[in-house]
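K.L.:
give me the fold of what follows.
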Amino acid sequence: MVGEYNNNNKVYRHLAGRLDKMLVPTLLFFLSQKPSHGYELIQKIDEANFCELEVDPATIYRNLRKMEEDGLVISKWQAESIGPSRRLYQLTAEGERALIYCVELVKEKVDNLQTFLNEYRNWAGRE
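P.N.:
The predicted structure follows:
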């Protein structure tokens, strides 16, 4: 399924290269559930067990800006009755496709890791 995506597309190449830490797929996943503010996304990532990094707000916002440049999300300022305005991030149709692509990459990675573990078990069992 991964091969169905255009490997010459720089956005998808960027996603594939960033898969190891799971930050971008995680942001896409949470935004697919509902539009969110950056702080809310930081809290969700902090609570999630599938993102392999410390939650650094600067990193989150840098990735959200890159995702917006790539057309994966859109944002708009939302005025609050109390406090400063906050930016609300929303997934685009391209972002939804990117999430599906990330899921396929994860599946492929899991399959490869499972193959490795099976091979190792077969080798280790010969001793």
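K.L.:
count of neighbours near residue 110?
P.N.:
Residues within reach of residue 110, counting by other CB atoms under 10 Å, total 10. C-beta coordinates here come from the backbone N, C-alpha and C atoms, glycine included.
K.L.:
is it correct that it falls within a strand?
P.N.:
No - when DSSP: H, G, I helix; E, B strand; the rest coil is applied, residue 110 is found to be helix, with no strand at that position.
K.L.:
need the pLDDT of it.
P.N.:
On pLDDT, residue 110 comes in at 91.
K.L.:
which stretches of the chain form helices?
P.N.:
Along the chain, the segments classed as helices by DSSP state H run 10-17, 23-33, 38-47, 57-69, 93-124.
K.L.:
quick one: closest of those helices to residue 85.
P.N.:
Nearest of the helices of the chain to residue 85, taken as CB to CB: helix 38-47 at 12.2 Å.
K.L.:
poorly predicted segments of this protein, please.
P.N.:
For the chain, residues meeting the criterion pLDDT under 70 lie at 1-8, 12-20, 51-53, 126-127.
K.L.:
can you pull the contacts of the closest residue to residue 29 other than its chain neighbours?
P.N.:
Beyond its immediate neighbours in the sequence, the residue positioned closest to residue 29 (CB to CB, 6 or more residues apart in numbering) is residue 99, lying 6.3 Å away. For residue 99, the contact set (CB atoms under 8 Å, 6 or more residues apart in numbering) comprises 25, 28-29, 32, 91.
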